[in-house]
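Visitor: pasted the sequence and its predicted model underneath.
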Amino acid sequence: MEIQILDKTFVPYLSALEIDAEVQRLAKDLLNDYKNEVPVFLVVLNGAFIFAADLMKQYTSAAEISFIKMASYNGTETTGNVTELLGLDIDLTNKHVVIVEDIVDTGNTIAALYNLVNRFKVKSINTATLFFKPEAYKQTIDIKYTGFSIENKFIVGYGLDYNKQGRNLGEVYQIK
Ligand SMILES: O=P(O)(O)OC[C@H]1O[C@H](OP(=O)(O)OP(=O)(O)O)[C@H](O)[C@@H]1O
Ligand code: HPA
C-alpha cells in the first residue's frame, strides 16, 4: 500500500523479511572475514541505527561498536557538504575498522568518513552498507559489504528518513 510522508508519496519496495535475509547474509560475511580479529564497527548516525542494531545482534563474535554522526541531506537532495555532528570518541590506531552505513548514495559521506578514519594508523578500513546506489556513486572507494544495489530513487524506512520522518517504518518504501 502507498504511504504519504509530508508532500511525497512512497510505494512498498522491500519487505521486512527481504531486509532481514540480507542483514543475515552480511553478518555471516563479516563473521567469516573478521573471525581472527576484534573489529571496530563505526556506526554512522542517524540513518544506520536500525540496520546496525540488527547487524550487530547477528555479529556473534568479539567486536567494539562506536558511533559517529554525519549529515549532508536536506529533504531528498544532498547538500554536497558533509558535516561531523558528533565526533569520534575512540582511538582507532591499529584497529580493523568497519564503517556501518544505511546507504551509500553519492559517496560524499563515505569519502569524508575515510578521511576522518585515516587520520589514525588503522590496520584496515572497510564499509558495510545495506543500500548502494551505483548510478549515483561518484567516488572510487570500494564498498566491500553491500546489501542491496538499488536504482537511483529516493527510499525511506528501516532507519532512512525523508525530512526526518519515516525512519521507524519496518519496511523500505521508494518514492513514487
Ligand atoms: O552517499 P551520500 O550521498 O553522502 O549519502 C549517504 C548518507 O546520507 C544519509 O545521511 P544524512 O546526511 O541524510 O543524515 P542521517 O543519517 O541523519 O539521515 C545516509 O544515512 C548516509 O549517511
Ligand atoms: O535514498 C535515500 N533515502 C534516505 N536518505 C538518503 N540519503 C542518501 N540517499 C538517501
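Guide: Arrived safely. Remember, it's a predicted structure, so these values are computed and weren't measured experimentally. Ligands and ions are numbered 1, 2, ... in the order given.
Visitor: helix or strand with the lowest mean pLDDT in the chain?
Guide: strand 77-86 (a mean of 69; mean pLDDT, DSSP states H and E).
Visitor: what does the helix or strand containing Lys69 contact?
Guide: Element membership of Lys69, judged by DSSP states H and E, is strand 64-74. With CB atoms under 8 Å, 6 or more residues apart in numbering as the test, strand 64-74 has contacts from 38-46, 52, 56, 78-90, 95, 108-109, 112-113, 116. All C-beta atoms are positioned from the backbone trio N, CA, C, and that covers glycine.
Visitor: list the neighbouring strands of that strand plus their orientation.
Guide: strand 40-45 (parallel), strand 77-86 (antiparallel) (DSSP bridges).
Visitor: average pLDDT for that strand, rounded please.
Guide: Throughout strand 64-74, pLDDT has a mean value of 84.
Visitor: got the buried residues for it?
Guide: Within strand 64-74, the residues that qualify as buried are 65, 67-68, 70-73, counting by 16 or more other CB atoms under 10 Å.
Visitor: so which of the residues you listed comes closest to ligand 2?
Guide: Nearest to ligand 2 among these is Tyr73, at 4.9 Å by CB to the nearest ligand atom.
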